[in-house]
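Participant: have a look; sequence and predicted model below, questions after that.
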Amino acid sequence: MQAAETTSAPRYLQPGWFTRNVFNRIVVNLTKLGISVRGSRELRVRGRTSGTWRTVPVNPLTYEGRRYLVAPRGTTQWVRNLRVAEQGELRVGRRVEPFRAAEIGDDAKAAILRAYLRHWKMETGVFFEGVGPDASDEELRAIADRHPVFRVETAPAGA
């Protein structure tokens, strides 16, 4: 289930050198050691053309008993890969959780984005163009198409 496509080019804010080469590596290495930074995980998803595993740190959100992956930077490579693969793994240390993913439509994102911003604003708020957790539903809907959201559900290993 994919969200409706928009007519404009997908939004993607590429990480800078420091984020790519220092910050993300620190978070990934801590996660591999089993140390989660405020709930962060290492996302592993197969590349849509190569089929090889790609990894990136992510900030999962639990909201109303369901878990979500939000893409604050927009249509990133992990988003494009997850749209094709529809499954991946979330890791902390040796604990690996295979999951299936379903993309959420823009109309259903406002409450999820609000909850995400409440939890992760300090780290990712800059990517939401001044929209914060206290924004109206209309303001959140106005940016929803720029921030893909996936519901993730645990899948049996090897599924």
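Facilitator: Cool, got the structure.
Participant: so Ala142 is in which element?
Facilitator: helix 137-144 (DSSP states H and E).
Participant: CA atoms only: put that helix into PDB for me.
Facilitator: C-alpha atoms of helix 137-144 as PDB (Å, rounded to 0.1, in the frame of the first residue of the first chain):
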ATOM      1  CA  ASP A 137      -3.700  19.400  12.000                       C
ATOM      2  CA  GLU A 138      -3.900  21.700   8.900                       C
ATOM      3  CA  GLU A 139      -0.200  22.700   9.300                       C
ATOM      4  CA  LEU A 140       0.800  19.100   9.700                       C
ATOM      5  CA  ARG A 141      -1.200  18.000   6.700                       C
ATOM      6  CA  ALA A 142       0.400  20.700   4.600                       C
ATOM      7  CA  ILE A 143       3.900  19.100   5.100                       C
ATOM      8  CA  ALA A 144       2.700  15.500   5.200                       C
END
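Participant: run the chain-centre distance for it.
Facilitator: When C-alpha coordinates are averaged (CA atoms, centre = their mean, to the nearest Å), helix 137-144 and its chain have centres 18 Å apart.
Participant: same question, stretch 80-94
Facilitator: On CA atoms, centre = their mean, the centre of stretch 80-94 falls 10 Å from the chain's centre.
Participant: just use 46 as the starting number from now, easier for me
Facilitator: Yes, from this point I'll number from 46; that puts the last item at stretch 125-139.
Participant: right, and Val124 touches Val194 too?
Facilitator: No. Here Val124 does not reach Val194: they are 9.7 Å apart, not a contact under CB atoms under 8 Å. In this view, the C-beta of every residue, glycine as well, is placed from N, C-alpha and C.
Participant: contacts for the one helix or strand Arg89 maps to?
Facilitator: Using DSSP H and E, Arg89 sits within strand 86-91. Under the contact criterion CB atoms under 8 Å, 6 or more residues apart in numbering, strand 86-91 has outside partners 73, 76-77, 97-105, 114, 123, 126-127, 130, 132-137.
Participant: buried subset of those residues as a ChimeraX selection?
Facilitator: Buried subset of the contacts of strand 86-91, written as a ChimeraX selection, criterion 16 or more other CB atoms under 10 Å:
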select :73,76,99,100,101,102,103,104,105,114,123,126,127,130,133,134,135,136,137
